[in-house]
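*Asks:* Predicted model and sequence below, questions to follow.
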Protein chains: 2
Amino acid sequence: MKGFKDYYPKDKRIQNYMFEVCRKIAERYGYSEVDGPILEPVEIYIKSGEEIPKQMYTLTDKSNRKLALRPEFTPTVARMIDNASLSKPIKWFSISRCLRYEQPQFGRQREFVQFNLDFLGTDSMKADAEVILTAIKIMQEFNLTKEDFYIRISNRKLVQDLFKNIGIKEQNFQDIYRLIDKKCKISNKVFELTLKDKGLSEKQINELEKLFEIKSLDQIKAKIKSKGLEELKELFSYLKDYGILDFCKLDLSIMRGFDYYTSTVFEVFDSSRKYRAIAGGGRYDKLAKNCPGVGYAFGDVVLEFYLKERNKLSNLKPNFVYIIPIKTLKESLKIAEQLRKKGLNISIDLLDKGISRNLDYANKQKIPYVIFIGPEELKKKKLKLRDMKTGKEKFLKIDKIIKLLKLLK
Amino acid sequence: MKGFKDYYPKDKRIQNYMFEVCRKIAERYGYSEVDGPILEPVEIYIKSGEEIPKQMYTLTDKSNRKLALRPEFTPTVARMIDNASLSKPIKWFSISRCLRYEQPQFGRQREFVQFNLDFLGTDSMKADAEVILTAIKIMQEFNLTKEDFYIRISNRKLVQDLFKNIGIKEQNFQDIYRLIDKKCKISNKVFELTLKDKGLSEKQINELEKLFEIKSLDQIKAKIKSKGLEELKELFSYLKDYGILDFCKLDLSIMRGFDYYTSTVFEVFDSSRKYRAIAGGGRYDKLAKNCPGVGYAFGDVVLEFYLKERNKLSNLKPNFVYIIPIKTLKESLKIAEQLRKKGLNISIDLLDKGISRNLDYANKQKIPYVIFIGPEELKKKKLKLRDMKTGKEKFLKIDKIIKLLKLLK
């Protein structure tokens, strides 16, 4: 089905690898995994913005309740926090399947999986800094460096204050956010015309576009008192303490799609600018009741494209060894159990397919090692281990094979 | 929502543990993980039987296609195999979220997660034996023994032949299967009355009930030629070779709910008979095109009840250490990074909550270890490690703490 994917073993290996990296880093920083139902009451997505409700798969259940297949996870986090009495701060992550009815396009699927990480229960910028740190650590765990990616950071409060300063009417803010969010997809001409439609003068449009060129907090020349500016200054000072300032760039043009962001917004961005944001997030202080929060999500679709292009996924192979018994099934099954007890993952041909068909099978599946067990092997109490990549074979005692394969794991 | 569950950290820890055990054993036997979409065309569930379609959550998408939230995973496996050209045998497992609109009751949720394991591409009973072996290994990995559970095994072909031998009409087979599947939930009276309704005589009912008392293949007295009997004999001989005969019992009363089973059917059954089947499966030779298969599923709901009752889930704790800085945040953050680099999972109080509120927080979350870092600790280059269970504290050098915590992991 268009926009949906079957995860065959090689696809699932990639997905598992990507999310295992995310899980590893989340746990390294003391975040706990959570999950919620895939069906949620449609109401919880009202605060997500205009677009999300249009993209939801919905159904009416037998009790006439309107439910949505979750289009994103953050509203579930907020609902779960509202429903329980939890000690603060709350440090959660999730690996959640989500669905949106979008036109399938590059980097988008109708069904996708997200890694979400959230720090709730404080409005301190220390939380924002830790959250951004974990996103950088995840990218580094994929063997990516500051040549590969950076974090674009903005603050909605500051942007609002700057908008006000230009004289843009507050009622137009949301529309202009959405327009800016789509800026990369439309031409400058359309961008400017739409702004004129919203009542902005040439001068205002000019000033607006200048905001997007600002590269450091010192460049903000408007004499404004802005909570957002204070927050950004604080945030950047913590990022400096963590030694990750090199990865972070101020960029007032980033908006993020969700209406519920109230302060910090940020994106993990591909340095080559080939892809849309690899991850994105921000601070949402009014989504859960009396519980400010900040978080982000990595989606599997863009991440996989990006990692493939950077050649970070080519080493993923089946994690088992394949035993080919040659008229020795009963004895080979016993040896297989012996190897499994030592912690090795073993598949074995039960069907007597013969050597060449078995090797073909192992090759097609990219199984890295094969063990042959024939009468000769049984007699000498040795096994023949074949490295499927090089074709090299070794005739070794079982203990040696176990040691060798454990090392290779 | 009724029948749906929020997985808070303690719930998710249990779920992750249960499926990690399943995944570990599946991989140990060379099965590869797969997954499919949560939405599938409704048609693929026709072969599942009468009940499944009634229980499906369905929706019509924008292209007017009728889709179901998958109620089970096996039809997805069959569809994926039909859609691709794969080398045989196919050894797959999946951990899949499924939904059924059932009345929530003990052991049932509307949304649940299943571990599925399937061996496809052969009709050899060697596959059935390996598949049953993995189910037993999973139970053993949960530290359960043959006092705790057993496998009930039957064969639909044999049962059909025995039905015919009694003189039951073939058109009534499916109804009688379903009735037998529900036997434990209805009274004997109702059971017999319903059979009479189907046209069975007193004598036939008697003979039918005698079938369910059969405990070994030798007890099958009817002189019948049955492929099913041959299959069962072969299967039991392989189970004997694996040394797992002690776990397996012939039980012709088990049916399993799905219509697509054609041969072997089996259940993992609680010895105390307190729970419905913990896992169930069978051979389905006509679900995928030209690709016979056998497999089973463990559901999370019954499994969790069962493991809780047997006290197998009580040791699951958060897997991180909590650092409480006492006016030393900047330095403590550096130490936290140092510990993380050594592979430890560390959460740290960023908010200066004070000792007693922090200990309270750690207690509520059942965090096993806490590290205090005050000015004294910094001066002496030592940290104070507190075992939250015993309350005992040790004042140790960082290296020692790392070693100690790695051992405890």
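*Replies:* Perfect, I can see it now. Note that the coordinates shown come from a computational prediction; the quantities given were computed from them, not determined experimentally.
*Asks:* angle of the longest helix belonging to chain A against helix B:9-28?
*Replies:* Of all the segments assigned as helix in chain A under DSSP state H, the longest by residue count is helix A:9-28. Computed with axes from the mean of the first three to the mean of the last three Cα atoms, to 10 degrees, the direction of helix A:9-28 lies at 140 degrees from that of helix B:9-28.
*Asks:* what is the mean pLDDT for helix A:9-28?
*Replies:* Per-residue pLDDT values over helix A:9-28 give a mean of 98.
*Asks:* I'd like the distance from A:Leu144 to A:Ile138, if you could.
*Replies:* Relative to A:Ile138, A:Leu144 is positioned 9 Å away (criterion: Cβ to Cβ, to the nearest Å). In this view, the C-beta of every residue, glycine as well, is placed from N, C-alpha and C.
*Asks:* So for these two, which sits in the more crowded spot?
*Replies:* Set side by side, A:Leu144 and A:Ile138 give different neighbour counts by other Cβ atoms under 10 Å in any protein chain shown, the larger being at A:Ile138 (26 against 20).
*Asks:* can you tell me how far the residue sitting nearest the centre point of chain A sits from A:Glu207?
*Replies:* Nearest to the centroid of the C-alpha atoms of chain A, with distances taken as Cα atoms, centre = their mean, sits A:Phe298, at 2.1 Å. The spacing between A:Phe298 and A:Glu207, counted by Cβ to Cβ, is 34 Å.
*Asks:* Could you tell me how many residues sit around A:Arg273?
*Replies:* Counted by other Cβ under 10 Å, the residues lying close to A:Arg273 total 8.
*Asks:* Am I right that A:Glu331 falls within a strand?
*Replies:* No. The assignment for A:Glu331 (DSSP: H, G, I helix; E, B strand; the rest coil) gives helix, which keeps it out of a strand.
*Asks:* Wait, it touches A:Leu378, no?
*Replies:* Yes. Taking Cβ atoms under 8 Å as the definition, A:Glu331 is a contact partner of A:Leu378 at 5.6 Å.
*Asks:* OK, contacts around the closest residue to chain B within the stretch 251-400 of chain A?
*Replies:* Each residue of the stretch 251-400 of chain A has a distance to chain B, by Cβ to the nearest Cβ, and the smallest belongs to A:Ser347, at 2.3 Å. Listed by Cβ atoms under 8 Å, 6 or more residues apart in numbering or on different chains, the contact partners of A:Ser347 are A:320-323, A:367, B:29-31, B:91.
*Asks:* Likewise for A:Glu72?
*Replies:* A:45, A:48, A:52, A:98, A:114, A:258, A:297.
*Asks:* before we move on, what SS does it have?
*Replies:* Three-state assignment for A:Glu72 (three-state DSSP): coil.
*Asks:* Could you pull up phi and psi at it?
*Replies:* Backbone geometry at A:Glu72, expressed as degrees, to the nearest 10, gives phi -160, psi 170.
*Asks:* For it, give me the pLDDT.
*Replies:* Taking A:Glu72 on its own, its pLDDT is 96.
*Asks:* now it: how far from B:Lys157?
*Replies:* From A:Glu72 over to B:Lys157 the distance is 49 Å, taken as Cβ to Cβ.
*Asks:* can you check A:Tyr275 too?
*Replies:* Distance of A:Tyr275 to B:Lys157, computed by Cβ to Cβ: 55 Å.
*Asks:* A:Pro41: how many residues sit nearby?
*Replies:* A:Pro41 is surrounded by 14 other residues when neighbours are defined as other Cβ under 10 Å.
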